[in-house]
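Engineer: okay, structure incoming, though there's no sequence with it:
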């Protein structure tokens with residue numbers, strides 16, 4: 001019989017045991033593994049803290065929670081990574097999902113942070129994405145940047161007038177926390193847009209005639225070829241946007257992000273950049289609300 005929880009310490013121990021069982025990766029056939037982390041039969045482990053009923057054993061009751069956890073968390077992983085899923089294919093993506101989530105289970109109160117370590121995982125364990133690891137890493141970075149852009153905090157913006165009064169040699173600007181700068185070796189922005197359009201077409205075709213459904217299923221988005229791009233992932237009026245940047249503009253923004261003074265950041269643009277170009281870039285960034293005071 002399961003022991004009674006007669007103290008806070010016992011409750012914590014129960015919660016830890018329940019958590020360890022629930023987050024265990026599923027076995028073949030999407031069933032709960034037959035043995036626990038310590039090698040004991042899972043039926044024996046479950047019986048220590050779960051009662052059977054007239055329909056289900058302790059193992060079967062625990063398995064319901066184990067399967068619910070994994071089905072839910074994998075579903076969220078799929079929702080957050082449509083571009084990566086398209087690039088790797090269904091089977092390889094499914095194996096990546098299980099491997100990543102087994103090593104990095106959700107440890108936050110919100111599933112928003114589920115993929116925060118995905119790019120690092122792909123870098124550390126490239127076998128799950130080979131031979132397209134470089135592309136997979138860039139897509140993972142880009143798709144995480146979308147999450148950041150969607151709901152990261154915003155700080156009070158600096159307007160053109162305040163920038164005009166500043167001393168460039170001393171002023172250090174910040175970028176809004178929701179802006180992510182990416183230097184990429186593939187046009188990931190256009191690729192992800194195409195994948196999302198394809199997925200929308202498939203969803204709309206689900207209620208359409210059979211010929212339309214068949215055409216939607218067959219539509220495949222070609223993987224992107226190599227192309228050097230610089231892009232900012234950001235939001236405006238609570239809507240997600242991707243903005244391509246010229247390389248000198250990217251270098252200025254990256255220098256500001258990294259704590260350089262305004263004068264040094266502008267110098268980072270390099271030769272051949274005119275004052276009119278810099279003025280135009282800063283006017284646009286101010287209008288978009290990207291510039292703010294550093295913490």
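Structural biologist: Noted; the coordinates are in hand. On a predicted model such as this, the values are computed, not experimentally measured, just so you know.

Engineer: contacts and neighbour counts: CA atoms only from here.
Structural biologist: Fine.

Engineer: in the chain, which strand has the most residues?
Structural biologist: Assignment by DSSP state E gives strand 229-236 as the longest strand of the chain.

Engineer: give the closest residue to residue 223 in space, chain neighbours not counted.
Structural biologist: Using CA to CA, 6 or more residues apart in numbering and skipping residues adjacent in sequence, the residue nearest residue 223 is residue 87, 6.2 Å away.

Engineer: would you say that neighbour is within a helix?
Structural biologist: Yes: the assignment for residue 87 by DSSP: H, G, I helix; E, B strand; the rest coil puts it in a helix.

Engineer: wait, it touches residue 220, no?
Structural biologist: No: checked against CA atoms under 8 Å, the pair residue 87 and residue 220 is beyond contact range at 10.1 Å.

Engineer: in contact with the residue nearest the centre of the chain, which residues?
Structural biologist: Centroid-nearest residue in the chain, with CA atoms, centre = their mean: residue 144, separated by 3.0 Å. In this structure, residue 144 makes contact with 80, 115, 116, judged by CA atoms under 8 Å, 6 or more residues apart in numbering.

Engineer: ok, back up a step: so for the residue nearest to residue 223, what's the pLDDT?
Structural biologist: For residue 87, the model assigns a pLDDT of 97.

Engineer: and for it, the neighbour number?
Structural biologist: 22 (other CA atoms under 10 Å).

Engineer: now do residue 89
Structural biologist: The number of residues near residue 89, taken as other CA under 10 Å, comes to 11.

Engineer: and the lengthiest helix in the chain, what's buried?
Structural biologist: Of all segments of type helix in the chain, defined using DSSP state H, the longest is helix 58-80. By 16 or more other CA atoms under 10 Å, the buried positions in helix 58-80 come out as 58-63, 65-67, 69-70, 73-74, 77, 80.

Engineer: which other helices and strands contact it?
Structural biologist: helix 8-22, helix 42-47, helix 90-103 (3 or more CA pairs under 8 Å, 6 or more residues apart in numbering; DSSP states H and E).

Engineer: tell me which of those helices sits most buried.
Structural biologist: Among the helices and strands packed on helix 58-80, helix 42-47 has the highest mean neighbour count (mean count of other CA atoms under 10 Å), at a mean of 19.

Engineer: beta partners of the closest residue to residue 158 other than its chain neighbours?
Structural biologist: The shortest distance from residue 158 to any non-neighbouring residue, by CA to CA, 6+ apart, is to residue 292 (5.1 Å). With DSSP bridges as the criterion, residue 292 is bridged to residue 157, residue 174.

Engineer: the residue nearest to the centre of the chain: what secondary structure?
Structural biologist: Quick answer, by three-state DSSP: residue 144 is helix.

Engineer: and the pLDDT for it?
Structural biologist: Looking at residue 144, its pLDDT reads 98.

Engineer: can you list the domain ranges for the chain.
Structural biologist: 1-80, 155-187+226-295 (automatic domain parsing).

Engineer: can you tell me which of those is most buried?
Structural biologist: Mean neighbour count (mean count of other CA under 10 Å) peaks for domain 155-187+226-295 among the domains of the chain, with a mean of 17.

Engineer: related to what we said a few turns ago, and the contacts of residue 144, which is closest to residue 198?
Structural biologist: residue 80 (15.7 Å; CA to CA).

Engineer: my guess is that closest one contacts residue 142, does it?
Structural biologist: No: contact between residue 80 and residue 142 fails when scored by CA under 8 Å: they sit 10.8 Å apart.

Engineer: list residues touching both of those two?
Structural biologist: Counting by CA under 8 Å, 6+ apart, residue 80 and residue 142 have no common neighbour.

Engineer: so, low pLDDT: which residues of the stretch 101-250 of the chain?
Structural biologist: For the stretch 101-250 of the chain, the stretches flagged by pLDDT under 70 are 204-218.

Engineer: what does stretch 183-202 rub up against?
Structural biologist: By CA under 8 Å, 6+ apart, stretch 183-202 touches 82-83, 86, 135, 138-139, 142, 213, 216-217, 219-221, 223-231, 242.
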